[in-house]
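Asks: Just to be clear, the model below is a prediction. Sequence and coordinates:
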Amino acid sequence: MNSAVALQPSPVRSAALAPAAAPRHAVGFFLFLLVNAALFIRPAEIVPALVGWNIYEFLILACLALSIPAVLEQFTAKSLEMRPVTVCVLGVFLAILLSHLAQLDFVKLDENGRLFGKIVVYYLLFVGLVNSPARLRVFLFWMLVFVTAPIFLSVLQFHGVIALPNLKQTIDNAHDKLTGKDVDFMRLAGSGIFNDPNEIGVLISVAFLLSLYWLFDQRSGALRFLWVAPLVFFLYA
């Protein structure tokens, strides 16, 4: 009897040896990557022919439609208990709506409701679709690619290599203490939400940190030292 018991596999050991369930919603995850590509590269602001095309809105709605199960899973009692941040995000969204509704300000209710509503949808898609360490690594890799594109275009525009109409550089001025004169100088700027030099600076900082992550990722072997090149580029930018 003791021998029979000894030969039975331990439930804990069996669970450890069992293959991990494959992450679901592969199509939704692919569309979510495209959503981020549209968000950061902003093709409609680079290619004049695409002006007026709601590329980001179309992609995120398509991603949401194909990822409804992943989104609905986050509204279960167990999921909300495990992720209090979700409760916080939904609570802020509700507070925004109620604050404008209490003042009967329907214009701001519509404007800010839609604005923060997009953030809520993005958050729910991120949590529901980037649901494994492998997917997180894929997401971080493509995020670095996506944020590098607008920075690269901004640097080219800054040096006059290209002339995109929506990448107008910012002209600032400062007082030169040596000459006693005000001097105008150009600052690096991107397009759309990154047109402010400070905003493109935030994007460069994020890209720099992501490059550091891949540089110190020993699973890539010697190839990880290739990330030194983009690090130097981001420091230059």
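Replies: On my side now, so go ahead. Numbers count the residues shown, from 1 in each chain.
Asks: Show residues contacting stretch 222-230.
Replies: 144, 148, 207, 211-212, 214-218 (CB atoms under 8 Å, 6 or more residues apart in numbering). All C-beta spots, glycine's among them, are computed from the backbone N, C-alpha and C.
Asks: any idea of the mean pLDDT in that stretch?
Replies: Averaged over stretch 222-230, pLDDT sits at 91.
Asks: quick revisit: narrow the contacts of stretch 222-230 to those in helices?
Replies: 144, 148, 207, 211-212, 214-215 (DSSP state H).
Asks: Which of these are buried, as a ChimeraX select command?
Replies: A single ChimeraX command selects the buried members of the ones in helices among the contacts of stretch 222-230 (16 or more other CB atoms under 10 Å):
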select :144,148,207,211,214
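Asks: For Leu59, see how far away the residue sitting nearest the centre point of the chain is.
Replies: In the chain, the centroid-proximal residue (CA atoms, centre = their mean) is Asn36; its distance is 5.8 Å. Applying CB to CB, to the nearest Å, the value for Asn36 to Leu59 is 9 Å.
Asks: on that earlier part again, pretty sure the residue nearest to the centre of the chain is touching Phe141, no?
Replies: No. Using CB atoms under 8 Å, Asn36 makes no contact with Phe141, being 11.5 Å away.
Asks: burial measure for Ala26, as a count.
Replies: By other CB atoms under 10 Å, 12 other residues sit near Ala26.
Asks: Is it correct that His175 falls within a strand?
Replies: Yes. Using DSSP: H, G, I helix; E, B strand; the rest coil, the assignment for His175 is a strand.
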